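Enquirer: Here's a sequence, model it:
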Amino acid sequence: MPKYNVLLCCGAGMSSGFLAQRAQKAAEKKAADMNIDAKSQSVVEDVIEDYDVLLLGPHYESHLDEFEEIVEPFDIPVAVIPQEIYGSLDGEGLVDFALKTLEEQ
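Expert: You can find the predicted model right below:
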C-alpha cells in the first residue's frame, strides 16, 4: 500500500489534532501506511501540495466549494468528515474514511 499524507482541517486545529493523533495510532495498528496531520484552515493553501487528501471538519461543510478550488490544481480529493467520526474522535473510522475517499478519486 502506498504512503498517503492526509491533512485534517478545522478552525484552530485543536479537535482535529486529537482526531489526527488517534487516527495515526489506528493507521499503525491497521498497517496502513499513512501520515495524518491536523492544521488550521488558514494554512491549507500553503501546505496542500504536500498532501494526498484533504479532510474537513463537519463545521466546514458550507465551505466545501472553496476548499475544492484550493485543491483543484493539485488533483487531490477533499471530503467532509462525517460528524459521527469527528464528534467521537474515531481514529479507526477516520482512517477508513480517508482510504475510501482516496479510492474514489
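
Enquirer: After the one helix or strand in the chain whose mean pLDDT sits lowest, heading C-terminal, what element do we hit next?
Expert: Using mean pLDDT, DSSP states H and E, helix 14-29 stands out as the lowest-scoring helix or strand of the chain, at a mean of 90. The helix or strand immediately downstream of helix 14-29 is strand 34-40, counting by DSSP states H and E.

Enquirer: circling back: so the least confident helix or strand of the chain versus strand 34-40, what angle?
Expert: Per axes from the mean of the first three to the mean of the last three Cα atoms, to 10 degrees, the angle that helix 14-29 makes with strand 34-40 is 180 degrees.

Enquirer: could you say what helices and strands helix 14-29 packs with?
Expert: Under the contact criterion of 3 or more Cβ pairs under 8 Å, 6 or more residues apart in numbering; DSSP states H and E, helix 14-29 touches strand 4-10, strand 34-40, helix 83-87, helix 91-103. Bear in mind the C-beta positions are built from the backbone N, C-alpha and C, glycine included.

Enquirer: what comes up buried for the third one?
Expert: In this case it means helix 83-87. Across helix 83-87, burial judged by 16 or more other Cβ atoms under 10 Å covers Ile85, Tyr86.

Enquirer: cool, and stretch 54-73?
Expert: Those buried within stretch 54-73 under the rule 16+ other Cβ under 10 Å are Leu54, Leu55, Leu56, Gly57, Tyr60, Phe67, Val71.

Enquirer: okay if I get those as TSV plus pLDDT, distance to Gln105 and secondary structure?
Expert: Listed next are the buried residues of stretch 54-73 as TSV, based on pLDDT from 0 to 100; distance: Cβ to Cβ, whole Å; DSSP: H, G, I helix; E, B strand; the rest coil:
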residue	pLDDT	distance to Gln105	secondary structure
Leu54	97	12	strand
Leu55	96	13	strand
Leu56	95	16	strand
Gly57	92	20	coil
Tyr60	91	19	helix
Phe67	95	15	helix
Val71	94	11	helix
